[in-house]
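attaching a predicted model along with its sequence, questions to come.
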Amino acid sequence: MQEPVIGIDLGTTNSAVATVEDGRPRLIPSRAGGRLTPSVVGLNRNGDRVVGQAAQVLAEEQPDAVVWATKRFLGRRYTPELMQQARSLVPYPVVAGPTGDVRVKLAGRVLPITQVSAMILGELKLDAQAHFGREVHKCVITVPANFDDNQRNATREAAGIAGLEVVRLVNEPTAAALAYGLSRGFEGSALVFDLGGGTFDVSILDVKNGVFEVRATGGDHSLGGEDFDQRIVQWLLAQVDDSYRDAVSRDPTSLRRLKVAAEAAKRELTEFAEATISVTGLGDHAGSRRFTDVETALTRDFFEALSEPLSRRCLEVCQSVMAEARMDPRTVDVVLLVGGMTRVPLVRRLVADFFGRQPSTDVHPDEAVALGAAVQADELVRQSGQALLLDVASQSLGVGVLGGRVKRLIAKNTGVPVVARDIFFPGTAGQSEARIPVYQGESEFQDENHKLGEVVLKNLHVAARGETPLEVVFELSSEGILAVKATELTTGNMEAVRLEARPSLPHGEVEKLGAEQASYAQEQGVVDAQRAAEMFRKLLERGEKLSRLLQRSAQENPSPEAEAAVGNVQRLLEGGRTALDAGDTAQCARIARQLTQLLSGRSESRG
Ligand code: AMP
């Protein structure tokens with residue numbers, strides 16, 4: 001059997017892993033029992049890692065032992081601006097690594113961001129392995145459409161540490177469109193409105209013949225569900241008794257309690273017109289230990305009024321993306337909702353009013369990206385040729401020329417993959433070597449762009465200035481990796497480089513972290529396998545009971561269907577027992593899924 005390729009949504013707030021089964025994309029449940037894995041990583045008192053729900057629990061007891069929303073720093077360089085931004089976004093310390101990469105401090109240890117991401121990916125890999133009962137090595141991972149080369153490479157680096165080979169990086173809006181089935185027969189423009197826990201992205205895609213082109217993207221990376229929660233927290237703080245308010249607003253435990261209550265109220269308001277809020281034990285937990293409570297009710301109308309500045313910011317982003325795409329919002333053919341926050345009625349109303357149509361809601365908004373990644377993974381396995389996933393270059397690319405200028409070869413928003421070529425002449429007469437610097441950015445001046453690297457063409461045919469033509473070819477892949485080739489046309493002398501962004505970690509560290517991760521995964525794999533065998537035994541016992549029940553009812557009311565049902569369960573049980581004895585974990589996992597379906601009466605087994 002072919003090795004499964006999984007689809008992963010490595011999100012800012014939550015992550016998820018999915019696969020295609022029986023022709024339909026489905027989320028793989030986490031071993032902790034949830035649909036989504038919170039993108040939270042912690043180190044407990046023994047220094048052992050905890051990921052996801054367990055890390056959220058740890059955050060309650062030891063807030064300084066966990067980090068979250070680290071995707072904001074993935075593949076970024078440590079700069080004064082970033083440091084300032086980090087201070088306003090997260091309470092944990094963000095520090096510089098030896099290569100200028102970004103690291104976080106938790107429980108007294110410093111971890112590279114790629115390692116934190118690798119821990120999350122590693123957990124999803126283990127979830128998938130538990131689901132399939134076999135090793136998983138390949139995946140498709142989604143990234144925001146505006147991720148640059150460094151951020152894309154850091155995602156690959158994290159996957160590498162987690163023991164995963166990335167067969168394709170897919171833009172998140174494209175994945176969402178795949179989950180909504182737009183690769184099948186849809187033609188037109190699709191707007192993806194993605195409001196998650198910490199970030200907001202809007203993308204407009206052109207879909208034609210199953211090919212997706214990202215026409216324009218925009219976003220606000222400090223706008224998300226957390227900001228809506230904070231509006232409620234501030235309102236709650238205003239209701240705290242005057243003599244406690246200062247202490248409460250400085251006390252991390254109290255603030256966390258308020259935030260949890262605010263988020264719960266926000267979710268309740270998705271269903272109901274009013275939410276009751278009750279928070280106890282607010283005060284100075286480290287000092288005076290005098291506490292107060294807040295009891296109040298929040299109506300949906302008032303929550304919407306509190307959120308007004310945030311909804312305005314959402315609309316501003318939509319307006320600028322429409323302007324960049326030169327489109328009228330009312331001409332958009334479909335609007336797709338992504339991200340947990342798009343369940344909020346206010347957000348749905350805003351979207352409906354702005355685009356003049358109801359958004360599509362057929363797919364759970366917080367699952368869409370992972371499901372789309374699974375669809376793409378499945379397609380790559382089967383190579384069906386559908387959904388080519390045509391994206392665009394996120395920034396312009398060009399060659400440095402005389403006068404400190406840049407000659408652009410590929411313009412921003414050009415569809416990829418793309419090949420562009422131009423002829424250049426070495427600047428100085430009689431030189432034997434030509435350096436061709438490559439720049440990324442929108443300015444016509446070199447020093448206002450980002451230098452990606454250079455191609456050096458040696459042993460040039462010595463000629464007078466302007467007489468040795470060089471052809472430069474840029475080949476930009478569908479994942480945004482640039483291959484540059486320079487050829488001296490008179491001699492055919494050729495040089496090529498692949499311009500990938502620098503790895504974010506120092507040499508050797510990736511291997512070391514990878515080895516650490518592999519040994520953790522191996523230990524976990526043993527524990528998971530024992531637990532899976534135990535659960536499978538129990539499942540077989542429940543299956544036996546079902547089989548006896550079906551046999552009895554077949555005797556009482558004989559029919560070909562009743563007999564077939566008995567035969568089906570018995571075949572599964574027999575197969576299960578044989579697989580268990582043979583230690584065939586993949587077969588056990590497959591039969592476990594079919595038996596679970598039968599026992600829950602959800603659908604017929606595939607046999
Ligand atoms: P995501 O990053 O897509 O997982 O989105 C997470 C954000 O969605 C968080 O801010 C959640 O509070 C919010 N969210 C998830 N479900 C709901 C809901 N039913 N009602 C309101 N907000 C929700």
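Okay, I see it.

show me what from the protein comes close to the ligand.
Within the chain, the positions adjacent to the ligand are 11, 13-14, 196-197, 225, 263, 266-267, 270, 339-341, 343-344, 366 by C-beta under 6 Å from any ligand atom. Where you see a C-beta, it was placed from the backbone N, CA and C, and this is true even at glycine.

ok, whichever residue of the stretch 251-400 of the chain sits closest to the ligand - how many residues close by?
With C-beta to the nearest ligand atom, the shortest gap between the stretch 251-400 of the chain and the ligand falls at residue 340, namely 2.4 Å. Neighbours of residue 340 under the rule other C-beta atoms under 10 Å: 21.

what does residue 379 give?
22.

which residues are in contact with the host helix or strand of residue 266?
In the assignment (DSSP states H and E), residue 266 maps to helix 252-271. By C-beta atoms under 8 Å, 6 or more residues apart in numbering, the surrounding residues in contact with helix 252-271 are 59-60, 63, 91, 225, 228-230, 232-233, 236-237, 247-249, 275, 277-283, 285, 294, 298-300, 303, 343-345.

out of those, which end up buried?
Buried members of the contacts of helix 252-271, scored by 16 or more other C-beta atoms under 10 Å, are 59, 63, 225, 228-229, 232-233, 236-237, 247-248, 275, 277, 279, 282-283, 294, 298, 300, 303, 343-344.

how distant is the longest helix anywhere in the chain from the center of its chain?
The helix that spans the most residues within the chain, counting by DSSP state H, is helix 509-556. Centroid separation for helix 509-556 versus its chain: 27 Å, with C-alpha atoms, centre = their mean, to the nearest Å.

need phi/psi at residue 360.
Dihedral pair for residue 360: phi -70, psi 140, per degrees, to the nearest 10.

tell me which strands and helices the longest helix of the chain is in contact with?
Applying 3 or more C-beta pairs under 8 Å, 6 or more residues apart in numbering; DSSP states H and E, one finds that helix 509-556 contacts helix 113-132, helix 149-161, helix 560-582, helix 585-599.

show me what contacts the residue of the chain at minimum distance from the ligand?
Residue nearest to the ligand within the chain (C-beta to the nearest ligand atom): residue 225, separated by 1.8 Å. By C-beta under 8 Å, 6+ apart, the contact list for residue 225 reads 13, 195, 196, 197, 198, 263, 266, 339, 340, 341.

from residue 414, how far off is it?
Distance of residue 225 to residue 414, computed by C-beta to C-beta, to the nearest Å: 34 Å.

any weak-confidence spans in the stretch 351-500 of the chain?
383-392, 394, 426-430, 462-466, 479-480, 500 (pLDDT under 70).

what's the answer for the chain, then?
In the chain (pLDDT under 70), the answer is 1, 383-392, 394, 426-430, 462-466, 479-480, 500-504, 602-607.

does the residue of the stretch 251-400 of the chain closest to the ligand really touch residue 198, like I thought?
No. Taking contacts as C-beta atoms under 8 Å, residue 340 lies outside contact range of residue 198: 10.9 Å.

please identify every residue contacting each of these two.
Common neighbours of residue 340 and residue 198 (C-beta under 8 Å, 6+ apart) are 13, 225.

enumerate the positions of the helix holding residue 266 that are buried.
By 16+ other C-beta under 10 Å, the buried positions in helix 252-271 come out as 253-255, 257-259, 261-263, 265-266, 268-270.

per-domain residue ranges of this structure.
Domain ranges of the chain: 5-223+315-390, 225-306, 397-495, 507-600, per automatic domain parsing.

looking at those, which is buried most?
Ranked by mean neighbour count under mean count of other C-beta atoms under 10 Å, those are led by domain 5-223+315-390, which reaches a mean of 21.

distance from the chain centre to it, please.
Using C-alpha atoms, centre = their mean, the offset of domain 5-223+315-390 from its chain centre is 2 Å.

grab the nearest non-local neighbour of residue 17.
Once flanking residues are discounted, residue 17 sits nearest to residue 124: 4.1 Å by C-beta to C-beta, 6 or more residues apart in numbering.

isn't the one you found up against residue 19?
No. The criterion here is C-beta under 8 Å, and residue 124 misses it with residue 19 at 11.3 Å.

find residues that contact each of those two.
Residues touching both residue 124 and residue 19 by C-beta under 8 Å, 6+ apart: residue 6.

and which of the buried residues of helix 252-271 is nearest residue 483?
Closest approach between the buried residues of helix 252-271 and residue 483, by C-beta to C-beta: residue 263, at 45.8 Å.

ok, the closest one to residue 227 distance?
From residue 263 over to residue 227 (counting by C-beta to C-beta), the distance is 12 Å.

what do you get for residue 15?
With distances taken as C-beta to C-beta, residue 15 is found 21 Å from residue 227.

and residue 277, bridged to which residues?
Going by DSSP bridges, residue 277 is paired in beta bridges with residue 296.

how about the contacts made by it?
236, 261, 262, 264, 265, 294, 295, 296, 297, 298.

ok, now residue 298?
Counting by C-beta under 8 Å, 6+ apart, the residues that residue 298 touches are 232, 235, 265, 269, 274, 275, 277.

so after the helix or strand it falls within, what's the next helix or strand?
Using DSSP H and E, residue 298 sits within strand 291-299. Per DSSP H and E, the first helix or strand lying C-terminal to strand 291-299 is helix 300-306.

tell me how far that following helix lies from the chain's centre.
The mean C-alpha position of helix 300-306 is separated from the chain mean by 30 Å, C-alpha atoms, centre = their mean.

which other helices and strands does it contact?
Packing contacts for helix 300-306, counted by 3+ C-beta pairs under 8 Å, 6+ apart, involve helix 225-238, helix 252-271, helix 345-355.

which one, of the ones you listed, ends up nearest to residue 422?
Using C-beta to C-beta, the nearest of the helices and strands packed on helix 300-306 to residue 422 is helix 345-355, at 40.1 Å.

residue 145 and residue 214 touch, don't they?
Yes. Between residue 145 and residue 214 there is a contact under C-beta under 8 Å: 5.4 Å.

any residues in contact with both of the two?
Joint contacts of residue 145 and residue 214 (C-beta under 8 Å, 6+ apart) are 171, 173, 174, 203, 391.

got a markdown table for the residues you listed, with distance to residue 165 and secondary structure too?
A markdown table is the format used below for the shared contacts of residue 145 and residue 214 (distance: C-beta to C-beta, whole Å; DSSP: H, G, I helix; E, B strand; the rest coil):
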| residue | distance to residue 165 | secondary structure |
| --- | --- | --- |
| 171 | 19 | strand |
| 173 | 24 | helix |
| 174 | 20 | helix |
| 203 | 27 | strand |
| 391 | 21 | strand |
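
ok, so of these, who is nearest residue 582?
Distance to residue 582, by C-beta to C-beta, is smallest for residue 174 among the shared contacts of residue 145 and residue 214, at 41.7 Å.

great, nothing more from me.
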